[in-house]
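[1] my questions concern the predicted model and sequence given below.
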There are 2 protein chains.
Amino acid sequence: MHLSSIITIGDELLIGQTIDTNSVWIAQELNKIGFHIHERVAVADQKEQIIETLDRVLSKVQVVIITGGLGPTEDDLTKPTLASYFQSRLVQNEEVLQHIKDIFTKRNRPFQFRNLKQAEVPHNCTVLFNQYGTAPGMWFEKDGKIIVSLPGVPFEMEKIMKDSVLPKLKELFQNQFIYHKNLLIMNMGESILANKISDIEANLPQSVSMAYLPGMGFVKLRFSGQGLDEAKVKKIVDYEAQKVIQRFPNHCAAEKDIAIEEAVAELFIEKKLSLGFAESCTGGYFSHKITNIPGCSAFFKGSIISYSNEIKEKNLLVSAETIHEKGAVSKEIVEQMAINARKILNVDIALAVSGILGPTGGTDQKPVGLIHLAISSKEKVVHKQFHFIYDRIRNKEMILNHGLECLRLFVKNELA
Amino acid sequence: MHLSSIITIGDELLIGQTIDTNSVWIAQELNKIGFHIHERVAVADQKEQIIETLDRVLSKVQVVIITGGLGPTEDDLTKPTLASYFQSRLVQNEEVLQHIKDIFTKRNRPFQFRNLKQAEVPHNCTVLFNQYGTAPGMWFEKDGKIIVSLPGVPFEMEKIMKDSVLPKLKELFQNQFIYHKNLLIMNMGESILANKISDIEANLPQSVSMAYLPGMGFVKLRFSGQGLDEAKVKKIVDYEAQKVIQRFPNHCAAEKDIAIEEAVAELFIEKKLSLGFAESCTGGYFSHKITNIPGCSAFFKGSIISYSNEIKEKNLLVSAETIHEKGAVSKEIVEQMAINARKILNVDIALAVSGILGPTGGTDQKPVGLIHLAISSKEKVVHKQFHFIYDRIRNKEMILNHGLECLRLFVKNELA
């Protein structure tokens, strides 16, 4: 099994101004082609620290992927640092230069002198073409080890990885086959789940491992196996996963690494049902998550975001009297919202939600975190009430995941 | 200046299954109280690697914050590893045990035997109360250095940091004052911006540094200064930032570290205007981002998510004929959407958007990434057309940021 480490460079990572999604993505992709990630480390735009870190990780792993610090501005030090580390001189690359000029022409912006610097590359590296941006990737080899430097802009980095780095690595390193099987277990806490499958966990074959990845309202359960025989590895891992699926048929929303909205989408497409939302407190989050899925127009028609009472009354035809009597956060109102939205949007199934997300707006009777949810089809309306205890953003996330799971069970006729 | 490092533990971080938001948040908070973050490193749930990493970072920094690996399941090794590292024995903590039992009672779930283990703590650590979860935090001191272990669940970790860790660290370490001033520069590329302010950058006082943080459709420009005299540091940094603001009065959407939606929210509240959206391709993303802001009900009323043409026609009263003639992604349609949404939602200003996000659905005339946007007030309608070149999710992000910037300029009467 070959080892790899990921180094991300940039002061912004150390003062917490940006979230490092790059190394997550890189880890996933390297893992898929059989690399084990030894560590991920974020360091400053600082020559000594970059070199020290490179020295250290190169003593442990075969492949190092570096992202960041390749921009055109003064605070970007990765390229000169690597050039000195690999004892090379910077030379202008004509192909890169032309590409940079093309980008500026296409964007209808004047070419900047400082971008000339971006066309310079160490003479002893292989240049990796950056289709989406001006900073080229660089591939170095030293003592049989591979060091790759990539821009920090995620979509630029991902494109170079897919087009150049991953295919080259796959060719150079013949790794053991690694297989992950993920189960999406909804609405069950990590420790309860662990307890209920402790017998399965205790009796896993040596070549299979299991990990719990708790989220907001769900646990992803990951089975991993590895070996030289792809078919055999898959068979052993799938067999263990099946034991869990059979134990919780109603909690297992997916047998692959997808989010609950994707599981819902697959179900709606399979059942040929159409969907719409009436969202109050979630303000479009359900609709947003569903429309992130390519092809969602096959089942998703649209929504009414009735954040104000006025819009609940005027556009969702909810009774002003009921709002006055019961309040906008109530069983009666979400049921009206769901029933009316189904008709107004002309869909098979509508989900409606109203609640108090916080931080303010709660009362003794209706505290922050109280959520009412209703789902309506032509045949029936089901109401659910939740009370979440987190902050505004996390309460929204909890509503989304619990709500989508309710929707999934509703369609499967399993929502109690 | 005191140094700190952050270690995150968990195989899921190394195979890229979860994004590490914890160390971002911790870095921010430590930075605010004057700590410089030397490095952030993610390692496996593996005893030897945890110990090796601890040894290494402790040789460089005064404070180490560790997150993750404290769960109730077998793959969580942080606690026994730390216990052995600090040569301690695990003892049951009665307070923690009672708290865990209370949590299970409150959630109406049976107490799990494996959670007993979570009430065990090394005898020589200070226990940090975890209000939201079952795994307590742990504070160790060794040779004058501080090592803190926290659960990996973000809101649990954050609560313990705020309640216990940050106040204790602030008391123990008297640090230099660090001050960041952020400018949100919209709709200008990093290299063009850098070129236009190269004179300001070249003449910065020694105590001030500047960094570019490019996003989708914007650059955050961060000025940083440090020193013992808080007022003096602020004055010097603010003076430099002002030079940039005065140079780009129309591009600088905020003079603090906020997102464009927050800048828009402040403007709508200040101007006492109400807002609504008619979203097609963005499917609720504008509404979602606006409603993430606490207090948005002061100006945001609601939206119609007209993902299908049927809803555009039926609920937004867009002309079926125009859709047939011009297509749903056209100047004419978004203008109708904006004008009608303003009336239907009864708001002062409505923004409408329709486009082709991809990956499919494009044609030669209307390629993937083509976006039409219109903003309507009582007095006028402004139309804008964009063409973004990224994938579905990033195209959505670009529309959001460009669209909100258009909205900001529209309200300020500066949208050309």
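    Great, that's in hand.

[2] from residue A:26, how far out is residue A:165?
    Relative to residue A:26, residue A:165 is positioned 9 Å away (CB to CB, to the nearest Å). The C-beta positions use only the backbone N, C-alpha and C, and glycine is treated the same way.

[3] residue A:333 falls within a helix, correct?
    Yes. Assessed with DSSP: H, G, I helix; E, B strand; the rest coil, residue A:333 lies in a helix.

[4] that one: neighbour count?
    26 (other CB atoms under 10 Å in any protein chain shown).

[5] that one against residue A:321, yeah?
    No. The criterion here is CB atoms under 8 Å, and residue A:333 misses it with residue A:321 at 11.0 Å.

[6] and residue A:399, what is it in contact with?
    Taking CB atoms under 8 Å, 6 or more residues apart in numbering or on different chains, we find residue A:399 in contact with A:281-282, A:285, A:353, A:355, A:371, A:373, A:386, A:388.

[7] what's the lowest-pLDDT member of those residues?
    The lowest pLDDT within those belongs to residue A:388, with 91.

[8] and it, backbone torsions?
    For residue A:388, the backbone dihedrals (degrees, to the nearest 10) come out as phi -100, psi 150.

[9] look up how far chain B lies from it.
    With distances taken as CB to the nearest CB, to the nearest Å, residue A:388 is found 11 Å from chain B.

[10] any idea how far that residue is from residue A:229?
    46 Å.

[11] these two: who's more crowded?
    residue A:388 (22 against 11).

[12] just checking, the more buried one touches residue A:395?
    Yes. With contact defined as CB under 8 Å, residue A:388 and residue A:395 form a contacting pair (4.6 Å).

[13] identify the contacts common to the two.
    Counting by CB under 8 Å, 6+ apart, the shared contacts of residue A:388 and residue A:395 are A:369, A:371.

[14] ok, and what's touching the lowest-mean-pLDDT helix or strand in chain A?
    The weakest-scoring helix or strand in chain A, judged by mean pLDDT, DSSP states H and E, is helix A:11-14 (a mean of 78). The contact list for helix A:11-14 (CB under 8 Å, 6+ apart) reads A:18, A:20, A:42-45, A:68, A:75, B:24, B:27, B:31, B:36-40, B:211, B:213, B:222.

[15] report the buried residues of the single longest helix found in chain A.
    In chain A, taking DSSP state H as the definition, the longest helix is helix A:392-411. Within helix A:392-411, the residues that qualify as buried are A:392, A:394-411, counting by 16 or more other CB atoms under 10 Å in any protein chain shown.

[16] and what of stretch A:171-178?
    A:173, A:175, A:177-178.

[17] report the rounded mean pLDDT for that stretch.
    Rounded mean pLDDT across stretch A:171-178 is 81.

[18] do stretch A:291-300 as well
    Rounded mean pLDDT across stretch A:291-300 is 97.

[19] got the end-to-end distance for that stretch?
    Stretch A:291-300 has an end-to-end distance of 8 Å (criterion: CA to CA, to the nearest Å).

[20] what residues does that stretch touch?
    Counting by CB under 8 Å, 6+ apart, A:261-262, A:265, A:268-269, A:272-276, A:287, A:290, B:281-285, B:305, B:307-308, B:358-360, B:392-393, B:396 sit against stretch A:291-300.

[21] which of those residues count as buried?
    Members of the contacts of stretch A:291-300 classed as buried by 16+ other CB under 10 Å are A:261-262, A:265, A:268, A:274-276, A:287, A:290, B:281-285, B:305, B:307-308, B:358, B:392, B:396.

[22] which ones among those residues are found in helices?
    A:261-262, A:265, A:268, A:287, A:290, B:285, B:392, B:396.

[23] just the closest of the contacts of residue A:399 to residue A:188, please.
    Closest approach between the contacts of residue A:399 and residue A:188, by CB to CB: residue A:386, at 15.3 Å.

[24] can you list the buried residues in the host helix or strand of the closest one?
    If you go by DSSP states H and E, residue A:386 is part of strand A:381-387. Neighbour-count burial for strand A:381-387, counted by 16+ other CB under 10 Å, picks out A:381-384, A:386.

[25] okay, now the unreliable bits of the stretch 1-150 of chain A?
    A:17 (pLDDT under 70).

[26] and the helices in it?
    Counting by DSSP state H, counting those that start in this stretch, one finds helices in the stretch 1-150 of chain A at the ranges A:11-14, A:22-32, A:47-58, A:78-85, A:94-106.

[27] name the helices or strands packed onto the fourth one?
    Spelled out, it's helix A:78-85. helix A:47-58, strand A:90-92, strand A:120-122, strand A:137-142, strand A:145-150 (3 or more CB pairs under 8 Å, 6 or more residues apart in numbering or on different chains; DSSP states H and E).

[28] please repeat the previous calculation with a cut-off of 7 Å.
    Applying 3 or more CB pairs under 7 Å, 6 or more residues apart in numbering or on different chains; DSSP states H and E, we find helix A:78-85 packed against helix A:47-58.

[29] the helix it packs on - contacts with which helices or strands?
    For helix A:47-58, the packing partners by 3+ CB pairs under 7 Å, 6+ apart come out as strand A:2-9, strand A:35-43, strand A:63-67, helix A:78-85.

[30] may I have the strands that pair with the shortest one, each with its orientation?
    Same thing as strand A:63-67. Paired strands of strand A:63-67, with direction, are strand A:2-9 (parallel), strand A:145-150 (parallel) (DSSP bridges).

[31] point out the residues in the stretch 151-300 of chain A that sit beside chain B.
    Within the stretch 151-300 of chain A, the positions adjacent to chain B are A:153, A:155, A:189-192, A:194-195, A:201, A:211-214, A:222, A:283-285, A:287-288, A:290-292, A:294, A:297, A:300 by CB under 7 Å from any CB of the partner chain.

[32] equivalent analysis for the stretch 301-416 of chain A, please.
    Residues of the stretch 301-416 of chain A lying near chain B (CB under 7 Å from any CB): A:301-308, A:310-311, A:315, A:344-346, A:359, A:390-394.

[33] again, only using 8 Å
    Remark: the part of the stretch 301-416 of chain A in contact with chain B comprises A:301-308, A:310-311, A:314-315, A:344-346, A:358-360, A:389-394, A:396, using CB under 8 Å from any CB of the partner chain.

[34] tell me the buried residues in the helix or strand containing residue A:339?
    Per DSSP H and E, residue A:339 falls inside helix A:331-344. Neighbour-count burial for helix A:331-344, counted by 16+ other CB under 10 Å, picks out A:332-342, A:344.

[35] and the next element down the chain from that helix?
    Helix A:331-344 is succeeded, C-terminally, by strand A:349-355 (DSSP H and E).

[36] how long is stretch A:198-211 end to end?
    Stretch A:198-211: ends 12 Å apart by CA to CA.

[37] got the contact list for it?
    Under CB under 8 Å, 6+ apart, the answer for stretch A:198-211 is A:194, A:221-227, A:233, A:236-237, A:240, A:243-244, A:247, B:11-12, B:74-75, B:114.

[38] show me these that map onto strands.
    Among those, the members found in strands (DSSP state E) are A:221-227.

[39] farthest-separated two in those?
    Farthest-apart pair in these is A:221 and A:227; separation 20.6 Å (CB to CB).

[40] these two: which has the busier surroundings?
    residue A:221 (25 against 16).
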